[in-house]
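Asker: With the sequence up front, the predicted model follows.
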Amino acid sequence: MTFLELAQGDVVNLFVLLGFVALISMTRAWIKTRLHSFPSWVCGFMFGGMAVVAMLVASTSQPGVIFDCRSGVIGAGALLSGPMCALVSLVLPCLYRLQVGGEGMVPGLMEIILPAILGSLCYQFWRVHHRLLTLRRVVLSSLIVGGCTTALIMGFVLMLMPDRSLLMGTGSSVLVFLNAPLTMALFSALILLEREHSEAVNTLAERKRRMLHSQKMAAMGQFARKVSHSYVNSLTIILGSAQLAKDSVGASSDFGKLMDPIIAAVGRMSQLAGDLLAFGSPSSLRVRLMSLGKCIEGIERLLVEAMGPLIKVVVKTSEDTGRVDLDPDRIEQAVMHMALNACEAMSGEGRLTVSVTPAHLSQTDSRRLQATAEERDFHDGPFALLAVRDTGCGMSDETASQLFEPYFTTKAKGENTGLGLATVYSIIQGHKGYIEAETRLGHGTTFFIYLPVREERKDRHRQPHRNG
């Protein structure tokens, strides 16, 4: 086979890889719409299947050395998706190569296993050092993994079959050597760019959704603030008049007893007015700089009393979250709202877990979380994470999409005002924080609250390195 024919074989392999990138993109989007994630084992089987396809369209050099893009495919899967994907991706190509047999079986298996190992090591290296896989890092890692793989295999072949190796010629040897690093670099870069494009589209959609929701919440807040003041003034008059009437005729008289339901109803309406005021006035916070963990420590007793004997309450706090500007009373109010919501979802029996930990966000997650933040409000530093998890019935996607809408409730008419979670959203927004919910029918619900940590001047030289 001539040098030109070898080059044509490489081009065929590359076009097959381009088709596989498109297939991975469509499959990943289809799976994520249903499972909200792309499991590593599914990814591994796809890369393994593609490696087999690459072996079926292999090129053969003059002395009978077969080479293809299998190492680039397996290495890309290991580098981009980690050890689990690499391990699963080995199954199909190894079985196929064992079935083919022949004197080149050992180098063929090395061409499958080595890039999986080296690619996984690179993946772990970037992960341990908290670095995102940028395009430059992916290309550099691919060249290292592919080059080391080919060098080890060619060294092994040179030791076992020196005569056959010499027949390849300089041009063919160079082409064979560059095959693995270049195909892996191209393949990894294409998949990474596809992922970034998909994430950018999702981030833009999320930004629009959150912006519309923020605008709607702001308008509702202004309306609620005006209504609540008028509401409180009217209730004060009603309550005062009812109490005076009861006192003037005597509490034990028939007329005095008629005032009791009025006074009780006004009390309930006053509570609703308080919720309206809390929802409509998120900026009326009395914040101080303190640890989020210390703020939550004292809430366990209140939660135990509110949840009842059949709900186990677990509170976990961490002291290494940093200090946050927060209003302890409003944070406590937000946690109680979420806890009462969880109690209803668990029908009075289950487990409620409240935890405070540092939030380990990648640069991509941080951008997605702050999609609606103005540039001047964008927080570049770490966040403290407050999570409230229950073992209740969970929610459907349709219900979850309306979770923080004012007056939205799944309860029967009159049982719930629908302001609890809307108030929580308003409180967290007032703290310049962010709230998300993760839920599945039958698997409970978890609320994640991210509050920006203030980095003090004396600690600036010890700031943790940002991801990316």
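Answerer: Here it is on my side, so go on. The model shown is predicted, which means the values in this text are computed figures rather than measured ones.
Asker: going forward, measure contacts between C-alpha atoms and count neighbours the same way
Answerer: Noted.
Asker: Strands of the stretch 151-300 of the chain, residue ranges please.
Answerer: Under the criterion DSSP state E, counting those that start in this stretch, the stretch 151-300 of the chain carries strands at the ranges 288-291.
Asker: those helices in it, which residues are they?
Answerer: 162-166, 170-249, 254-280, 292-297, 300-307 (DSSP state H, counting those that start in this stretch).
Asker: now the stretch 351-468 of the chain
Answerer: Assigned by DSSP H, counting those that start in this stretch, the helices in the stretch 351-468 of the chain fall at 363-369, 397-400, 420-430.
Asker: Quickly list the domain ranges of this protein.
Answerer: 3-207, 209-280, 288-462 (automatic domain parsing).
Asker: what would those domains look like in CSV with mean neighbour count and mean pLDDT?
Answerer: CSV is the format used below for the domains of the chain (neighbours: other Cα atoms under 10 Å; pLDDT from 0 to 100):
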stretch, mean neighbour count, mean pLDDT
domain 3-207, 19, 77
domain 209-280, 16, 72
domain 288-462, 17, 80
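Asker: quick one: contacts for the closest residue to G48 other than its chain neighbours?
Answerer: Distances taken as Cα to Cα, 6 or more residues apart in numbering put S89 closest to G48, at 4.0 Å, once the chain neighbours are dropped. Going by Cα atoms under 8 Å, 6 or more residues apart in numbering, S89 touches 43-49, 74, 77.
Asker: ok, now with 10 Å
Answerer: With contacts defined as Cα atoms under 10 Å, 6 or more residues apart in numbering, S89 is in contact with 40-51, 73-75, 77-78, 83, 112-113, 116.
Asker: on that earlier part again, save the helices of the stretch 351-468 of the chain as a markdown table, and put in distance to A342 too.
Answerer: Putting those into a markdown table (distance: least, Cα to Cα, whole Å) gives the following:
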| stretch | distance to A342 |
| --- | --- |
| helix 363-369 | 24 |
| helix 397-400 | 14 |
| helix 420-430 | 11 |
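Asker: Quick test: name the residue nearest the centre of this structure.
Answerer: D365 (6.5 Å; Cα atoms, centre = their mean).
Asker: Could you measure from that one over to I427?
Answerer: D365 sits at a distance of 22 Å from I427 (criterion: Cα to Cα, to the nearest Å).
Asker: Repeat that for A51.
Answerer: In this view, A51 and I427 are 52 Å apart by Cα to Cα.
Asker: quick one, strands of the stretch 301-450 of the chain?
Answerer: Under DSSP E, counting those that start in this stretch, the stretch 301-450 of the chain gives strands at 311-316, 323-326, 350-359, 383-390, 434-439, 445-454.
Asker: G108 is nearest to which of these?
Answerer: Comparison of the strands of the stretch 301-450 of the chain against G108 by Cα to Cα identifies strand 350-359 as nearest, at 43.8 Å.
Asker: what angle do that closest one and strand 445-454 make?
Answerer: Orientation of strand 350-359 against strand 445-454 (axes from the mean of the first three to the mean of the last three Cα atoms, to 10 degrees) gives an angle of 30 degrees.
Asker: Export strand 350-359 to CSV, keeping only CA atoms.
Answerer: Provided in CSV are the C-alpha atoms of strand 350-359 (Å, rounded to 0.1, in the frame of the first residue of the first chain):
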residue,chain,number,x,y,z
GLY,A,350,-40.2,10.2,56.7
ARG,A,351,-36.8,11.8,57.0
LEU,A,352,-35.8,15.5,56.6
THR,A,353,-32.2,16.4,56.2
VAL,A,354,-30.8,19.9,56.4
SER,A,355,-27.2,20.3,55.5
VAL,A,356,-24.7,23.1,55.1
THR,A,357,-21.5,22.4,53.0
PRO,A,358,-19.2,24.3,50.7
ALA,A,359,-20.5,24.4,47.1
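Asker: Would you give the sheet partners of that strand, along with the direction of each?
Answerer: Under the criterion DSSP bridges, strand 350-359 sits next to strand 311-316 (parallel), strand 383-390 (antiparallel) in its sheet.
Asker: centre of the chain versus the last one, how much separation?
Answerer: Going by Cα atoms, centre = their mean, to the nearest Å, the spacing between the C-alpha centre of strand 383-390 and its chain's C-alpha centre is 13 Å.
Asker: likewise stretch 321-338?
Answerer: Centre-to-centre, stretch 321-338 and its host chain are 22 Å apart (Cα atoms, centre = their mean).
Asker: which residues are in contact with stretch 339-351?
Answerer: 303, 306-314, 333, 335-337, 352-354, 388-395, 411, 420-421, 444-446.
Asker: Please repeat the previous calculation with a cut-off of 6 Å.
Answerer: Identification of contacts with stretch 339-351 by Cα atoms under 6 Å, 6 or more residues apart in numbering yields 310-312, 390-393.
Asker: How about stretch 186-194?
Answerer: So stretch 186-194 is contacted by A76 (Cα under 6 Å, 6+ apart).
Asker: Over to stretch 135-146?
Answerer: Residues outside stretch 135-146 that contact it (Cα under 6 Å, 6+ apart) are 118, 180-181, 184-185.
Asker: go with 7 Å
Answerer: By Cα atoms under 7 Å, 6 or more residues apart in numbering, the surrounding residues in contact with stretch 135-146 are 72, 115, 118-119, 122, 180-182, 184-185, 188-189.
Asker: do stretch 68-82 as well
Answerer: 13, 40, 44, 47-48, 51, 54-55, 58-59, 85-86, 89, 111-112, 115-116, 119-120, 122-123, 146, 180-181, 183-184, 187-188.
Asker: now do 6 Å
Answerer: Residues from elsewhere that reach stretch 68-82 (Cα under 6 Å, 6+ apart): 51, 54, 58, 86, 111-112, 115-116, 119-120, 123, 180, 183-184, 188.
Asker: Export it to PDB, keeping only CA atoms.
Answerer: In PDB, the C-alpha atoms belonging to stretch 68-82 read as follows (Å, rounded to 0.1, in the frame of the first residue of the first chain):
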ATOM      1  CA  ASP A  68      -7.100   2.400  12.500                       C
ATOM      2  CA  CYS A  69      -8.700   5.000  14.800                       C
ATOM      3  CA  ARG A  70      -9.700   2.700  17.600                       C
ATOM      4  CA  SER A  71      -7.100   4.200  20.000                       C
ATOM      5  CA  GLY A  72      -8.300   7.700  19.200                       C
ATOM      6  CA  VAL A  73     -11.900   6.700  20.000                       C
ATOM      7  CA  ILE A  74     -11.200   4.900  23.200                       C
ATOM      8  CA  GLY A  75      -8.700   7.600  24.400                       C
ATOM      9  CA  ALA A  76     -11.300  10.300  23.700                       C
ATOM     10  CA  GLY A  77     -13.900   8.500  25.700                       C
ATOM     11  CA  ALA A  78     -11.600   8.000  28.700                       C
ATOM     12  CA  LEU A  79     -10.300  11.600  28.600                       C
ATOM     13  CA  LEU A  80     -13.700  13.300  28.300                       C
ATOM     14  CA  SER A  81     -15.900  11.000  30.500                       C
ATOM     15  CA  GLY A  82     -13.600   9.300  32.900                       C
END
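Asker: quick check, L133 in a strand?
Answerer: No - counting by DSSP: H, G, I helix; E, B strand; the rest coil, L133 is not found in a strand; it is coil.
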